[in-house]
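Visitor: Just a sequence and a predicted model for now, questions to come.
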Amino acid sequence: MYRASLKVIVVVTALLAAPTRVWSQASLEAVTDETSYNVGSQVRIRIVRVAPAAGASRAPDPASRQLVASVRYAGESEPVADAVRLPASIQPSGADPSSAYLDLWRIPQNARTGRYEVDLAETDANSHQAVWRLPRAASFVAYKKLVQIDEIKLEKAFYTSGDSVASMVRLRNLSDHPLAGLRVEFSKPVDAVTLDESLALPAGGAKEVRSERAAVAADVKQPTVAQYAVVVWDREHNNVLGIAFSPVVFIRPPGVDTPRPYAGPPGYPMQYLHPDLGSINTKAYRHFYPAELDSPAIQFDHGHTLFASGSEGTVRFSLRNPMSMPWHGVRVRTRLLSPEGVELRSTTLDESLDLEPGSGIEK
């Protein structure tokens, strides 16, 4: 009874003390919702409270304290956003930690690229003087990306060497001003086809660029995979404004139309791929592991190990006595297990089986 009462007392004490605590900078951490932002994006921040610092004081009036944040370019002291007041719901004097991200600063379109740092401070609401400061509580990177490649679509997923590869590329202007003279290229590692020599995009607008022959499927000796890149250059063809990659496609030599292992990226194993489920041969399949790893007494028939959904699966095996002495009263039981090891079915095939050395049965 005494122990239970003590637990209740401790909990109540903690709840009563929490609203009146003023946390020091050592008890706060801040994190932004992203590590990097394009200019024009909204930076959002979340305040995380950890254990209070040793010797943290208590304030008689926690509502008189205000948590503020400022943003400055790394290495500089002058803020680009100063004294941003954070809502009372995440004040260090509050009872519960905040899990919500709050708007901190929208990066101007003309902002410098590079790293920015966030400073925190707690000020007295009456004197407006800082009670404490926490420099470099968080940081983020601003970059400038003008063009976004939203989507790359290819006509199909399987090609034969020499086939034309048709494509559709959707591009979007992320800036607040028009862009003109953009060059859009569709390429393999060594060859490039120009999809548009002088593309114009309105501010914030998007366009689709289509080509019936953006590339030609490579001449391959065996089925393999391929991928294409879309590159957007500026008017002077000096700077890459955007780059993205197409979905992976499969290229087969002429006359090859049956499923075969395709060569994956370097260092990866061969892949068995099929155009659709109907093309999979479920009557026979490859051996999954070497025969020498099988039990000398139990041998499974690996001629049919893949079954279509909804069909009846039959597993065949043989049982042989590999020893030099006879077996008497052997019990044979089978169990069907799920991938998680849960037993789905259990069947006893024989309660008392006798087998002479070298003899066996099939089930």
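Guide: Good, I have the coordinates.
Visitor: pLDDT score assigned to Tyr2?
Guide: Model confidence at Tyr2, given as pLDDT, is 34.
Visitor: Which strand residues bridge Val147?
Guide: Beta-bridge pairing for Val147 (DSSP bridges): Asn173.
Visitor: Flag the shaky bits of this protein, pLDDT-wise.
Guide: For the chain, the stretches flagged by pLDDT under 70 are 1-27, 49-64, 88-99, 189-190, 258-294.
Visitor: tell me the domain boundaries of this protein?
Guide: As assigned by automatic domain parsing, the chain contains the domains 20-143, 147-252, 291-362.
Visitor: Make JSON lines out of those domains and add mean neighbour count.
Guide: The C-beta positions use only the backbone N, C-alpha and C, and glycine is treated the same way. Output for these, formatted as JSON lines (neighbours: other C-beta atoms under 10 Å):
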{"stretch": "domain 20-143", "mean neighbour count": "16"}
{"stretch": "domain 147-252", "mean neighbour count": "16"}
{"stretch": "domain 291-362", "mean neighbour count": "11"}
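Visitor: hey, where'd the strands end up in the stretch 151-300 of the chain?
Guide: In the stretch 151-300 of the chain, the strands defined using DSSP state E, counting those that start in this stretch lie at 158-160, 164-173, 179-187, 192-201, 206-216, 224-226, 229-233, 240-245, 249-252, 261-262, 271-272, 298-300.
Visitor: Any idea which of those gets closest to Arg335?
Guide: strand 298-300 (12.7 Å; C-beta to C-beta).
Visitor: got the contact list for that closest one?
Guide: Applying C-beta atoms under 8 Å, 6 or more residues apart in numbering, the contact partners of strand 298-300 are 294, 315-320.
Visitor: Please flag which of those residues sit within helices.
Guide: Here DSSP state H is the test, and these give no hits in helices at all.
Visitor: Could you identify the most distant pair in those residues?
Guide: Farthest-apart pair in the contacts of strand 298-300 is Val315 and Arg320; separation 16.9 Å (C-beta to C-beta).
Visitor: that older thread, export the strands of the stretch 151-300 of the chain as TSV, with columns for distance to Gly40.
Guide: Shown next, in TSV, are the strands of the stretch 151-300 of the chain (distance: least, C-beta to C-beta, whole Å):
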stretch	distance to Gly40
strand 158-160	39
strand 164-173	11
strand 179-187	14
strand 192-201	15
strand 206-216	16
strand 224-226	36
strand 229-233	18
strand 240-245	15
strand 249-252	35
strand 261-262	42
strand 271-272	41
strand 298-300	62
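Visitor: Now tell me what touches stretch 315-322 from outside.
Guide: 296-301, 327, 332, 334, 353, 355-363.
Visitor: who's in contact with Ser167?
Guide: By C-beta under 8 Å, 6+ apart, the neighbours of Ser167 are 152-155, 186, 195, 210-211, 214-215, 228, 246.
Visitor: Quick one: the helices in this protein, in order.
Guide: 2-17.
Visitor: just checking, Ile251 touches Pro223?
Guide: Yes: Ile251 is within contact range of Pro223, at 7.1 Å (criterion: C-beta atoms under 8 Å).
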